[in-house]
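J.: turn this into a structure:
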Amino acid sequence: MNNIILFGGTFDPIHHGHLHLARAAAEQLNATQTLFLPAGEPYHKTTPRTPAEHRLAMATLAVEPHPDFAVSDCDIIRSGATYTYDTVQIFKQLYPSAQLYWLLGSDSLLQLHTWHKWRDLVRHTRLAVAVRAGSSLAHTPRELQSWLGTAVQNGEVVLLNTTPPDISSTQIRHTLATGSDVSAWLPEAVSAYIRQHRLYI
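T.: Below is the predicted model of the structure:
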């Protein structure tokens, strides 16, 4: 069975931390493909975002050197709020014989009970979780406690053997706004795209 990782995010902008996490997950899960899914209109985020066309273009440039990585505009072309549950249903139809994994950080996992149809979601995909530095699953909300313990034991939730680098898109945007250099945090093609289109200034 093919293992396919779905990696959703705003990717505003995509950076080395995203790529590091995707590579670590792909290696641990023996994934044949990792699909980056730039967000359209996530219902749980209200902050303004860079237009989808730019975020999609930057993600495409970032994954180009990686043959097993690809970018999908699935969540961008759909109108209205996009829910992870609906996205997973689309990819289950596209890859009916594959095992899907949804890649996320432990901070997002601890909010899972607030997601649309989360109980249905975890029946249709496994979760690959990167535990962020300073984060602990010991503080799992009551709504998730009984489910999470069993899910980890059963392999329905896989804790990745990696800690994401301490880089955030928010930090990159703020640094760019001050005119400082962020090239160490970004693939060169993404840095060039940001300069060309004068983003985040």
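
J.: helices along this structure, start to end?
T.: Under the criterion DSSP state H, the chain contains helices at 16-29, 52-63, 74-77, 84-94, 106-109, 118-124, 142-154, 169-177, 188-197.

J.: and the ones you listed, which is most packed in?
T.: Per residue and on average, the most neighbours among the helices of the chain fall to helix 52-63, with a mean of 21 (mean count of other Cβ atoms under 10 Å). Glycine gets a C-beta too; all of them are placed from N, C-alpha and C.

J.: how about the helices of the chain in TSV, adding mean pLDDT and distance to G9?
T.: TSV is the format used below for those (pLDDT from 0 to 100; distance: least, Cβ to Cβ, whole Å):
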stretch	mean pLDDT	distance to G9
helix 16-29	97	7
helix 52-63	97	9
helix 74-77	94	10
helix 84-94	97	11
helix 106-109	92	10
helix 118-124	97	16
helix 142-154	95	21
helix 169-177	95	8
helix 188-197	97	14
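
J.: reformat the ones you listed as JSON lines; add distance to G40.
T.: Putting the helices of the chain into JSON lines (distance: least, Cβ to Cβ, whole Å) gives the following:
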{"stretch": "helix 16-29", "distance to G40": "18"}
{"stretch": "helix 52-63", "distance to G40": "7"}
{"stretch": "helix 74-77", "distance to G40": "4"}
{"stretch": "helix 84-94", "distance to G40": "10"}
{"stretch": "helix 106-109", "distance to G40": "17"}
{"stretch": "helix 118-124", "distance to G40": "17"}
{"stretch": "helix 142-154", "distance to G40": "26"}
{"stretch": "helix 169-177", "distance to G40": "16"}
{"stretch": "helix 188-197", "distance to G40": "20"}
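
J.: from S136, how far off is the residue of the chain positioned farthest from its centre?
T.: Going by Cα atoms, centre = their mean, the residue of the chain most distant from its centre is G179, 27.1 Å out. Per Cβ to Cβ, to the nearest Å, G179 is found 37 Å from S136.

J.: how deep is I167 tucked in, by neighbour count?
T.: The number of residues packed near I167 is 17, by other Cβ atoms under 10 Å.
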